Structure formats: structure tokens, C-alpha cells
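[1] got a predicted model here, sequence first, then my questions.
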Amino acid sequence: MNKKRAVRWTICFAALAALTSAFAVLELVCGSTDIALSDVFGALAGRDRTSASHTIITEIRLPRTIAAALLGGALSVSGFLLQSFFNNPIAGPYVLGISSGAKLTVALAMMLTMQHGVLLNSASMVGAAFVGSMLSMGAILLLSGKVRNMAQLIIAGVMIGYICSAVTELAVTFADDANIVNLHNWSQGSFSGISMDNVRVIAVIVFAAAAAAFLISKPMSAYQLGESYAQNMGVNLRLFRLALILLSSVLSACVTAFAGPVSFVGVAVPHLVKSIFGTAKPIIIIPASFIGGAVFCLVCDLIARLLFAPVELSISTVTAVFGAPVVIAAMLSRRGQKRGV
Amino acid sequence: MSGVLLKADGLSVGYGKKVVVSGLELEVTAGEILTLIGPNGAGKSTVLRSIAAQLPLISGTVSISGNDITAMDLGDIAKALSICFTDRVTAEKMTCEDVVSTGRYPYTGRLGILSAEDRNIVREAMELTGISHLADTDIRYISDGQRQTVMLARAIAQQPQVLLLDEPTSFLDINNKLRLLGILRELARDRNIAVVQTLHELDLAQRFSDRVLCIKDNRADRLGTPEEIFSGRYISELYGITSGTFEPMFGTAEASPVLGESKVFVIGGGGSGIGTYRRMQRQGIPFAAGVIHENDIEYSVARSLAAEVISERAYEPISDESVQRALAIMKKCDNVICCLDSFGTMNIGNKRLFEMYKSLKNRSDNSGQMKLD
């Protein structure tokens, strides 16, 4: 049986990797001007640096593609960490209001600096987003001590999200800068406008945090049995919980800082991946969620760009259409399981 | 003592500043099963959780093989002590084998990948507990009883020196209760494990423990062999039994007697009357029982359930005096039930009693009266 599972997992990983490459190529090829595959590879290889297609590929589409893949992965892993923490399959950075908290602080930071004519650099954007994530996370943690019911916790998270969004909208409305259009786009969620410099920062943060998450997959598997058993197996609960919170916040903060709030990916992808792989073993699901999140966001970004081209949809609109039904499915599967036993 | 695996000294346990059990002294040797009994809320589980280093100790020390647990590394505690608690496991998409495998946690490397030896130990633990056929089944889709057994297999796979179990038998049917406790006995004996468990089933506690610790009123009330603990009225006092009685010899309980003027006289003995006594009690009919020897198997049941019992001293033939006393009560009853179909030398008095009843009945039937007198 173990062999059968190993085969299944290998096939799934291979399929996910193939899908990632396929959609990444599509992201590069398709757009307002379709670029031939040979030209894409030519641009990637650095030939003919003066052509328009070279500029489009290397300065617009390539960073966007990489960002969509990395940030999608980051969101999914962040969601999986939160689900482990709260032992709740519908927990995620967006539903718990953590993305919205980050959105609020980033918007405030952007507006404050714009008034002084300075543009925030990548690192301080992530910093601001992290502060906001932690504020929302703190509020959720305070509430989680009070509510025993997981559905209530989610409702509390959604409300925190609404409050943060309302304050953000308010601030955006009264901001007087010309950059307001930009800010507005960003606050709706989008992978556009991410530069190659941004991508470097994203790559460093996301890879480091995802690797750290992979390294705590062992205590996570023990934690799935509940606190008592985890402790009995030698898990230092306090350190472990802190690691879960910090890593999930860093990952979702990084996403929000560059792409704004992206909805439901954190819940939908881990749920789908667990169903496809037929396991919840963190050592499998963390890398699988990462790749699955990349595929999911590449597909959604393609749709956001192409469906009503040249009008571009916000990424959250698309992720919500695909993600929200999965969240409902995840919720129902939990119900059914309770009744079934 | 060299064989002492688990030791508690002047242990006070509880939550925060609230002391639940204090002044606990405990020594459990290798191969021994110690069972904690006591009323609900007495703090048995709190004691277990404290010994498992899951609750900070309020005062005193707990040591495993001479090492103070508060000074031990979490990983070392995990290798020395494993638990099987009542916490509900709701992990999604985990097979039973996955769950048992988590027992190897303290022994695996950074990423928790099982070696061939680890997998063997997991398989062995599943075979020992008889759950091999559940290996690939999702932990959420098995019965509570099976889940309890899976958690025991997990604890065994952890290869502990000390095994702590909180009500391990509570969800199991009688066959599985006996099987699980049998497994614990085997583990204790063959692997020299010290087992500490809480049980609510007193009959099982009496049969499957080497020593019993009774917890009541925030302290260890008594510690002794089952024979010492299950004697006299102690268990009734420990639990403050008011609605019914507890028979310490067999570890069984009977409901409260129906008091009042006896309406039925039951002649029983040798266990033949037990069913009738219980039926009378269920139907709410006060009854008298006799004549029963004090060493008869059903004597305690009769004492528990009958409004009056006419008894005879052990190993003595039933005396005339006892027969007369029984007859006097019988005359006031509406009915007589004789559960015996044969009589021997020692209870020949009961035969005489029943014959007297029959001749009285014939006479009253002839005179048209319904009542015995």
C-alpha cells in the first residue's frame, strides 16, 4: 500500500510540475500582443534585446509570471499553516482577515510616504504588510481564545477583514495623490506592475519562508493529532505555534505587499491538493500546495488578463470564482465527516 | 528500589493556582499496572496529565528512572513516556497507519521519515493490538472503540518505559475491554513497562491492576492491592454511593432496595434467586428473602435488594428458629416464590418452609380465603 501511495504522489507531483510549466509558457505567449513561442524563448535566452517582444517578455510578462507562481505558492502554504494552527480546513489568510490587515497598513504606509514624494521600496512594503498581518493575527488569536466554535472564528475573521477594508477604502477615498489609481488597482488585487526587482525580493522571502515551513512539517504532522499527543511526542508547543504564526504571516504579507489581497487561494488550494494526493501529511502537502498554488494563480491570472482583454480583471475576482466553491466544498466535507462518524 | 520506573514525591497538581490533588506519593515499578480510581472530578486525569509533563506541577517532583521530568528534554520524555488520552482525534485524511506511525516521532530525523525499523515497529504495534486490517482506513471513519485501540497502538509504537492511559476502555465493548486490558498486562509483563491508567469500571480495575490508587477529596485516599482496596464498605465510601450498593467481592453493583412491608417471599439460594430479586426490584415490589446462608453466592444480592432477609450462619444447617422467623414473615406476604428445585442437607430447612407454605395455602384455598392467614 505504501508503494501504491508513493506512486500516486509521484504522478501527482509530476502532473503539477507539468501544469506549472505549461501555464507559465501560456502566460508568456498570450496577451494583448501574442508572441510566438520561438520569440519567447529567444527573449528568455537574451537574443535580440532591442525588439519590442523582448521588452514585453522580460520586463512585463516574465516578472508577472514568476510573481504569480511564487505568490500563489506562498498563499497556499500560508493557508495550510493556518489550517494546521487552528485545526480548521477553512482557515486561510484571506478569510481570517490577515490579508486585509496587511492591505490596510500597506495602503497607509504608501499614502504617508507619497505625501512626502517618496515611493516605498519592496522591503518596507513587506515590512508594513507584515505589521498589518500580525495585527489581524493578534486580533484573531485573542478571539480564538474566547470562541470554541470554528465557524465563529471564521466569521470573526471575515468581520476583521471587512473592518480593515472599510478603513482602507476610506483612506483611499480621501487620499489626494495622482497615484490613487495605482493604489486603487493594487487594493483590488493584481499581479500587474510587479518589476523584476520586486520578483527578486519576493523570491528570497517566499523561498526562505516556504523552506522553513517544510522543515517544520514533522511537528506539524504530530500536531494534527491534537495538542496533548503532539506534546507527548516531544513537540515544543509554544515554539511550534509561534513558528506557524510567523511563517504564515510572512508569506501572506509578502503576497499582499506586492499583489494586494488575493482571495480564497489559501483555503482552496490546500483542500484540492489534499484531495488529489489523498493525504494530509505536511511533508507532502507543503510542497504540493506550493506548486498547486502556483498553477492555480497562473491559471487565474491568465483568465484575469485574457477574458475581457484589453480590460483586466482583478485577480481576486477570478480566484473567488474558482476558490469560493472549493471553500464551500471543504466546509461541507467537514460537516459530512462529523455526521458520518 | 532499582525497579522503580515512575516516582512522584510530594506531588501537588492542578490548574494555575487551583490545587486539584495534593500530597501524592507514588512509586510504580517495571511490569506493574497501577490503576487510579475515584469519583468523577476527583482529579485522576489531572494527575495523569501532570505526570505526562503536560501541566506544570504546583509542587513536588515526578521522575522517570530517577530523572526529574522538569529537567528532562522534551524528546527524552517522549522516548520514556507515552500517553493514550481521551482527546478526540479529528485529523483529516490520516490513515490508521499514519496515526500509529506518529508514535515513532521522537526517534525519526528532522523530517520525520520512517526507517525500515520504524515501519517494523509500527506494524508490530498494530499486530499486537489487532488493528492491522485497519492500516489503510481513514482514522475518521472507524468506530470510537477502534480509534481507542489505534491510539493504544500509537502509544506502543513510541516504545515507552511508562505508559499512561486515561480511561482506555471507556468506548469499548466488553470483549474489547478485556482484550485491551489483556494487552496492557502482556506489555507490562513482557516489556517491563510501568502502566498507569484511570478506570471507571471497578470490576476491571479489581481484576487487571497490581495496585490501585484511590483519589478523593483532593488527595490520595488509599493505595493498595485490589484485595486491600476492594474490601468492606471502602468503595461505597470512596464514591459516596447512596442510591444502591456495591459488592466489593465481585465488583458489581445493585440498585436500591424497594423498602416497605414485604409483599412476596422468595425462597432462594445458590444463585437461584438473583433473577427473581432483581425482577421484584424492577417492578417496585418489596419482598423478603430467606433462608439464605451468609456465605451463599446470592446473600449480598439479597441483602442489597430485599426489604428483609432471613439468614443462617455459614456452614450451619438451617435452624428451626430461622424457619419459624421466615414463616412469620411469609404469613404476611401475598405470595411465595420458591426458586429452588432441589434441597440438600444444609438447607433442608427451606424444604420444610416451602412445604409448610403449601399446606397453609391448601387450607386457606379450601376455606375460600385468598390470603395466607
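    Everything's here; your move.
[2] need the three-state assignment for the closest residue to A:K281 other than its chain neighbours.
    Once flanking residues are discounted, A:K281 sits nearest to A:S221: 6.1 Å by Cβ to Cβ, 6 or more residues apart in numbering or on different chains. In short, each C-beta sits where N, CA and C put it, glycine included. For A:S221, the assignment made with DSSP: H, G, I helix; E, B strand; the rest coil gives helix.
[3] A:S221 - how many residues pack around it?
    27 (other Cβ atoms under 10 Å in any protein chain shown).
[4] how about B:P56?
    Other residues close to B:P56 by other Cβ under 10 Å number 11.
[5] equivalent analysis for A:I284, please.
    Quick note: A:I284 (other Cβ under 10 Å) scores 20 neighbours.
[6] who's in contact with it?
    Applying Cβ atoms under 8 Å, 6 or more residues apart in numbering or on different chains, we find A:I284 in contact with A:W9, A:F277.
[7] about what we covered before: in terms of contact, does the residue nearest to A:K281 touch A:I286 like I think?
    No: using Cβ atoms under 8 Å, A:S221 is not in contact with A:I286; the gap is 10.5 Å.
[8] show me what contacts A:S249?
    Shown in contact with A:S249 (Cβ under 8 Å, 6+ apart): A:S78, A:I98, A:F130, A:S133, A:M134, A:M137.
[9] scratch that, A:L272
    Neighbouring residues of A:L272 by Cβ under 8 Å, 6+ apart: A:G292, A:F296, A:V326.
[10] quickly list the domain ranges of chain B.
    Segmentation of chain B into domains, based on automatic domain parsing, reads B:4-239, B:255-366.
[11] for these, give me a markdown table that also has distance to A:F174 and mean pLDDT.
    Formatted as a markdown table, the domains of chain B follow (distance: least, Cβ to Cβ, whole Å; pLDDT from 0 to 100):
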| stretch | distance to A:F174 | mean pLDDT |
| --- | --- | --- |
| domain B:4-239 | 45 | 92 |
| domain B:255-366 | 76 | 92 |
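[12] any chance of TSV for these, columns distance to chain A?
    Below are those laid out as TSV (distance: least, Cβ to the nearest Cβ, whole Å):
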stretch	distance to chain A
domain B:4-239	4
domain B:255-366	33
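[13] any chance of the ones you listed in CSV, with distance to A:A109 too?
    Formatted as CSV, the domains of chain B follow (distance: least, Cβ to Cβ, whole Å):
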stretch, distance to A:A109
domain B:4-239, 38
domain B:255-366, 73
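[14] which secondary element of chain A has the worst mean pLDDT?
    When the helices and strands of chain A are scored by mean pLDDT, DSSP states H and E, helix A:180-188 comes last with a mean of 69.
[15] on that earlier part again, so can I have a markdown table of the contacts of A:L272 showing distance to B:G251?
    Converted to a markdown table, the contacts of A:L272 look like this (distance: Cβ to Cβ, whole Å):
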| residue | distance to B:G251 |
| --- | --- |
| A:G292 | 57 |
| A:F296 | 60 |
| A:V326 | 54 |
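[16] how about the helices in chain B?
    Applying DSSP state H to chain B gives helices spanning B:44-51, B:74-80, B:96-101, B:116-128, B:144-157, B:174-191, B:202-208, B:226-229, B:234-239, B:274-283, B:299-305, B:320-332, B:348-366.
[17] JSON lines please, covering these and showing mean neighbour count.
    JSON lines is the format used below for those (neighbours: other Cβ atoms under 10 Å in any protein chain shown):
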{"stretch": "helix B:44-51", "mean neighbour count": "23"}
{"stretch": "helix B:74-80", "mean neighbour count": "19"}
{"stretch": "helix B:96-101", "mean neighbour count": "25"}
{"stretch": "helix B:116-128", "mean neighbour count": "16"}
{"stretch": "helix B:144-157", "mean neighbour count": "24"}
{"stretch": "helix B:174-191", "mean neighbour count": "16"}
{"stretch": "helix B:202-208", "mean neighbour count": "20"}
{"stretch": "helix B:226-229", "mean neighbour count": "16"}
{"stretch": "helix B:234-239", "mean neighbour count": "18"}
{"stretch": "helix B:274-283", "mean neighbour count": "17"}
{"stretch": "helix B:299-305", "mean neighbour count": "22"}
{"stretch": "helix B:320-332", "mean neighbour count": "17"}
{"stretch": "helix B:348-366", "mean neighbour count": "15"}
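[18] could you dump the ones you listed to CSV with distance to B:K263?
    As requested, these are exported to CSV (distance: least, Cβ to Cβ, whole Å):
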stretch, distance to B:K263
helix B:44-51, 43
helix B:74-80, 62
helix B:96-101, 56
helix B:116-128, 55
helix B:144-157, 43
helix B:174-191, 35
helix B:202-208, 32
helix B:226-229, 38
helix B:234-239, 28
helix B:274-283, 9
helix B:299-305, 14
helix B:320-332, 9
helix B:348-366, 15
